[in-house]
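In: below are the sequence and a predicted model; questions follow.
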Amino acid sequence: MKETISIGIIGLGSRGRSLMEACILPRRDVKVAAVCDLYEDRCIEAAVMVEKAGQSRPVITGDYKAVIGLAGLDAVLITSGWTPHIEIACAAMKAGLYTAVEVAGAFSINDCWRLVHIYEETGTQCMFLENCCFGRYELMVLNMVRHGLFGEIVHCAGGYHHDLRMELAGSPKNRHYRLDEYIHRNCENYPTHELGPIAEILNINRGNRMLKLNSIASKAAGLRSVIPDCGGQDAVRIAQGDIVTTVITCAGGETIVLTLDTTLPRAYSRGFEVRGTKGMFFEDNRSIFLDSEHRAFEFNGKGLWGNADSYFEKYEHPIWKQYIKDGIQGGHDGMDWLEFSAFFKAVREGSPVPIDVYDMASWMSITPLSEDSIAMGGMPVPIPDFTNGKWITRKDRVFQTP
């Protein structure tokens with residue numbers, strides 16, 4: 001096992017820099033050897049952060065290929081804009097580097113297959129950085145599902161409910177890439193925050209798989225209502241519907257509903273919901289309803305709001321039990337730290353990552369497939385089997401503890 005690993009970071013916008021500060025530079029077993037971004041000022045700022053953390057000044061470059069070709073590198077972290085994610089990940093895998101890729105949707109099914117084929121040719125591990133798979137509630141619910149408390153799982157739902165209007169409208173000023181996506185595409189453009197934890201619960205790619213989807217989109221009005229007040233771009237046409245609803249059918253007979261909701265006023269939520277033959281979990285009010293315990297609340301659901309916290313004592317996931325003892329760190333309520341702990345542990349040990357290319361390809365594929373379905377009026381679209389049948393015999397994922 002390696003005591004210290006050397007990494008390169010490609011993409012130094014707000015996400016890349018925040019991860020450096022909260023989840024990478026505080027670690028004594030990880031050294032940042034290179035930083036890369038198309039904007040030089042971001043590179044310089046990141047290099048200063050590395051030096052202030054007590055490390056040597058990293059290589060600074062605007063060319064990701066220079067990072068991948070750096071001698072002595074163990075891994076790369078890809079936190080760039082969405083478009084080049086798969087291109088860079090494939091190049092890193094070809095170079096034999098452990099690869100971590102921030103979340104996004106794909107732009108084509110061909111790109112998803114490209115990921116899979118290069119992994120199978122090289123055997124290089126690539127982890128999809130879906131931090132919500134490491135959330136405290138998500139992992140407790142997963143643990144409860146594994147203990148049978150909800151019975152046979154029938155349906156799951158979730159969404160990316162996040163008002164991004166001001167962030168999107170300010171994209172040109174802030175050199176942010178997302179507004180272009182909303183101008184040119186109409187799709188479920190950010191599916192994995194909700195789909196990742198659901199895929200864990202339903203054993204997607206490990207005994208189960210997604211078969212098909214149908215997507216519909218509302219009109220686009222929310223973002224247009226604020227753009228004139230944020231830079232005078234009143235001539236911009238928005239293609240992205242305000243609400244996109246995607247229904248997925250699984251081989252096991254389960255259904256999944258995903259909702260993209262990022263351009264209308266609302267409070268943040270991921271809308272995580274799990275329904276089984278013995279009970280349910282509902283994230284928005286942090287409630288659990290069990291048939292064996294809560295029949296008296298059938299017409300008084302508000303009486304259960306917040307009761308999910310009472311289940312932590314018995315059903316806290318082992319990862320979080322240890323994490324709380326050690327002290328929660330990093331961003332997004334600690335999820336980021338846990339996902340990077342899992343990735344860096346795999347790099348040090350030379351072991352498999354917990355969220356692999358088959359997960360990455362299938363989860364990212366929802367974006368182009370939803371785009372096709374919306375364009376065809378909500379027609380069903382088949383979801384490829386990126387495992388080529390291996391989903392039938394692949395084992396349950398075992399999350400690696402920090």
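Out: That came in fine, so what should we check first?

In: point out where the chain drops to low pLDDT.
Out: Within the chain, the set of residues satisfying pLDDT under 70 comprises 228-235, 396-402.

In: can you do 50?
Out: 230-232, 400-402 (pLDDT under 50).

In: which secondary structure state does the residue sitting furthest away from the middle of the chain sit in?
Out: In the chain, the residue that sits farthest from the middle, by C-alpha atoms, centre = their mean, is Ala296; the gap is 37.4 Å. Following DSSP: H, G, I helix; E, B strand; the rest coil, Ala296 is assigned to helix.

In: roughly how far does it sit from Glu87?
Out: For Ala296, the distance to Glu87 equals 56 Å [C-beta to C-beta, to the nearest Å]. Glycine gets a C-beta too; all of them are placed from N, C-alpha and C.

In: residues contacting the residue positioned nearest the centre of the chain?
Out: Geometric centre of the chain, nearest residue: Glu130, 2.9 Å, by C-alpha atoms, centre = their mean. For Glu130, the contacting residues are 103, 192-193, 196, 339, 355, 363, by C-beta atoms under 8 Å, 6 or more residues apart in numbering.

In: same question for Met376.
Out: Contact analysis of Met376 by C-beta under 8 Å, 6+ apart lists nothing.

In: residues contacting Gly62?
Out: 36-40, 43.

In: apologies, that question was intended for Ile7.
Out: 24, 30-33, 73-77.

In: those residues: which two are farthest apart?
Out: Using C-beta to C-beta, those reach their maximum pairwise distance at Ile24 and Leu73, which is 14.3 Å.

In: ok so, going back, just the ones of the contacts of Gly62 in strands?
Out: Within those, residues falling in strands by DSSP state E are Cys36.

In: show me what Tyr160 is bridged to.
Out: Leu260 (DSSP bridges).

In: number of nearby residues for it?
Out: Neighbour count for Tyr160, taken as other C-beta atoms under 10 Å: 24.

In: now swap in Gly253 and tell me
Out: Neighbour tally, Gly253, other C-beta under 10 Å: 12.

In: between which two of the contacts of Glu130 is the distance greatest?
Out: The widest separation within those (C-beta to C-beta) is 14.4 Å, between Glu339 and Trp363.

In: ok so, going back, between the contacts of Gly62, which has the most around it?
Out: Cys36 (28 neighbours).

In: which residue comes closest to Ala46 once chain neighbours are left out?
Out: Val35 (4.2 Å; C-beta to C-beta, 6 or more residues apart in numbering).

In: and the residue nearest to the centre of the chain, backbone torsions?
Out: phi -90, psi 90 (degrees, to the nearest 10).

In: relative to Tyr190, how far out is it?
Out: 11 Å.

In: list residues touching both of those two?
Out: Val103.

In: in stretch 138-156, what counts as buried?
Out: 138-145, 149-151, 153, 155-156 (16 or more other C-beta atoms under 10 Å).

In: list the buried residues in the helix or strand containing Leu211.
Out: Per DSSP states H and E, Leu211 falls inside strand 210-217. By neighbour count with 16+ other C-beta under 10 Å, strand 210-217 contains the buried residues 210, 213-215, 217.

In: before we move on, what about stretch 350-358?
Out: Buried residues in stretch 350-358 (16+ other C-beta under 10 Å): 353-358.

In: give me the contacts around that stretch.
Out: In contact with stretch 350-358 (C-beta under 8 Å, 6+ apart) are residues 1, 98, 115-116, 119, 125-130, 133, 196, 205, 342-343, 345-346, 386-387, 390-391, 397-400.
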